[in-house]
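1. Compute the structure for the input listed below.
(one chain, ligands or ions: 1)
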Amino acid sequence: MAKQIGRRQVLTAGAAGVAIASLAACSNSTGASGPTEEELASSKPTGPTTKVVATAADVPVGTVFKFTDPNSGMPAYLMQPAAGTFIAYSSKCTHQGCIVEANQDASGFACACHGAKYDSVGVPDESTSKNLTATPLAKIALTVAGDQISVA
Ligand code: FES
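-> The predicted structure follows:
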């Protein structure tokens, strides 16, 4: 005569099996369970990540290259005033936040909203901006590696 197993016994046996399987999955051949704190810390990214926004070929000396700043999502301008020297500025006018346009010859920037003008290094032109409370355009930090130009 076969012994009858109750529902509670089946559930208890099933739960024990799941627990044993889970413990086996968590351990490795050395008996350790998962990565150590040191292993986790070393796998975290260190320092800021950079995002390539252009190559040197995109912005020949004396020209302007428009790109989207990955940090703000706003238009920005990259220039190469001398061979191997790259600078970038936010397009956000410091008067009231309109988007400035860059002169294609990299000689400066102009804002259509209230007439602010900035020179080639983002400083407001006193003669056109004196009644405006504009300050220099925000500079964007760049990293240059080979011909890759990145924003931190
Ligand atoms: S927002 Fe640019 S001049 Fe006013």
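2. can you list the residues of this structure near the ligand?
-> Residues of the chain lying close to the ligand by CB under 6 Å from any ligand atom are 93, 95-98, 111, 113-116, 132. In short, each C-beta sits where N, CA and C put it, glycine included.
3. where along the protein do the helices fall?
-> Ranges of helices in the chain, per DSSP state H, are 7-26, 37-43, 126-129.
4. Tell me who's in contact with T94.
-> By CB atoms under 8 Å, 6 or more residues apart in numbering, T94 lies in contact with 116, 124, 134-138.
5. Tell me which of those residues has the lowest pLDDT.
-> On pLDDT alone, A134 ranks lowest of the contacts of T94, at 79.
6. Buried ones from the contacts of T94, can you make that a ChimeraX selection?
-> Here is the ChimeraX command that selects the buried residues among the contacts of T94 (16 or more other CB atoms under 10 Å):
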select :116,124,134,137,138
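7. Out of the residues of the chain next to the ligand, who's the most crowded?
-> C111 (26 neighbours; other CB atoms under 10 Å).
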